[in-house]
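Participant: this one's sequence-less:
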């Protein structure tokens, strides 16, 4: 997923009415210095649809939490197909509506066309998607035996984490410590976590759930006010609302961080290393996601026709990159945390984007890593023949009209894709 799609998807998911509508309908020049067409493109691209869809993987997880038999899981997945079809129907209708507005804007160049109909229609689409989701979950609950139904609160807590750990405000807010444990072979619902680890995870679940219930109430309240805020554009109220979400996000980040440290301390050395790496990856996705230069090196070593010396040189280059990137990544992640501890969420600064200061530690750390990436990319290209270079994967690009520097900054705290970095 490209940088711009990741940003659009996350903002759309949190709530089109909450952030997407407000920021999209902001006065020209307010949003990250982008032109009106680019601003429209950012928040219409995902159209706030797919990010809210319950995934098939989640349905399978719910079945494990409930202790479903195979026939119950099969029925749940059949129900899921109907739910997904309804969700996609609404999504397609939503995207068609967004396309109509875009065409009208391109014809008139009047940005207010987005303000006239968008907030209300987006709320309607959101209600339809929520109704489909509620109906599906009720149907799944109806498959439960009495004993299984007693476990339903575990599904509700899991779904709440799936939704509200996506607030794009600070690094580490999207870290689900339970899911990190699952990813390293300690799924508590499958009895794979040691007793003391399961106890720590259970306490984390309950503590976090209480906080996420507060956030859920805040989101619903904000969604009801977002349309008026977008139409009237009360800048002070918008900043006040975003500040409240930023403060809550920091509290959530701290819960995640403290619980991850507690779980880590209970693990064996080998498992601890894997667990810490997973937490790190999710805390700082921009820093620790697989960079293009690594993907290029991994692809290059598989190119047919490479001679033995080329393969050895590429493998040596890959190892050298890892050695040099590690301290730069640590410095970048530390700079992000230090900035947020001192200043709060950088998301608020996007409301008045003036460009990052050149002496900003985060900017300097990001630049150092980028320079390293460029150096190793050049060294890789020097090892390949022209026809071999053509077989390398293409790099992501930032759409025209979008401030590339700010998109870099925004990615510092974007939630990580579930399977990103697991190529």
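Facilitator: That came through, no problem. Because the structure is a prediction, the values reported are computed rather than measured.

Participant: use CA for all of it now, contacts and neighbours both
Facilitator: Will do.

Participant: Mind checking the pLDDT average for stretch 396-404?
Facilitator: What stretch 396-404 shows for mean pLDDT is 59.

Participant: That should have said stretch 273-281, apologies.
Facilitator: 94.

Participant: which residues sit against that stretch?
Facilitator: 175, 177, 180-181, 183-184, 260, 264, 287-289, 416 (CA atoms under 8 Å, 6 or more residues apart in numbering).

Participant: Quick check: buried residues in that stretch?
Facilitator: 274-276, 278-281 (16 or more other CA atoms under 10 Å).

Participant: what about the residue lying closest to residue 284 once chain neighbours are set aside, neighbour count?
Facilitator: Nearest non-adjacent residue to residue 284, counting by CA to CA, 6 or more residues apart in numbering: residue 171, 5.9 Å away. Neighbour count for residue 171, taken as other CA atoms under 10 Å: 28.

Participant: What pLDDT is listed against residue 171?
Facilitator: 87.

Participant: now the one 3 residues further on
Facilitator: At residue 174 the predicted local distance difference test score is 88.

Participant: wouldn't the residue nearest to residue 284 be in contact with residue 335 here?
Facilitator: No: judged on CA atoms under 8 Å, residue 171 makes no contact with residue 335 at a distance of 11.0 Å.

Participant: helix or strand right after whatever helix or strand residue 131 lives in?
Facilitator: Using DSSP states H and E, residue 131 sits within helix 113-141. The first helix or strand that comes after helix 113-141 along the chain, using DSSP H and E, is helix 146-149.

Participant: Inside strands: which ones of the buried residues of stretch 273-281?
Facilitator: Cross-referencing these against strands under DSSP state E gives no overlap.

Participant: which stretches of the protein aren't confidently modelled?
Facilitator: Across the chain, the ranges flagged by pLDDT under 70 are 1-51, 115, 168, 226-234, 347-359, 397-423.

Participant: Walk me through the domains of it.
Facilitator: For the chain, automatic domain parsing gives the domain ranges 1-145, 151-283, 288-423.

Participant: now the second one, how far from the chain's geometric center?
Facilitator: This means domain 151-283. In terms of CA atoms, centre = their mean, to the nearest Å, the centre of domain 151-283 is found 12 Å from the chain centre.

Participant: So what would you say the end-to-end distance of it is?
Facilitator: Separation of the first and last residues of domain 151-283 by CA to CA, to the nearest Å is 29 Å.

Participant: Any chance of JSON lines for the buried residues of stretch 273-281, columns distance to residue 321?
Facilitator: Listed next are the buried residues of stretch 273-281 as JSON lines, based on distance: CA to CA, whole Å:
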{"residue": "274", "distance to residue 321": "20"}
{"residue": "275", "distance to residue 321": "23"}
{"residue": "276", "distance to residue 321": "21"}
{"residue": "278", "distance to residue 321": "20"}
{"residue": "279", "distance to residue 321": "22"}
{"residue": "280", "distance to residue 321": "19"}
{"residue": "281", "distance to residue 321": "18"}
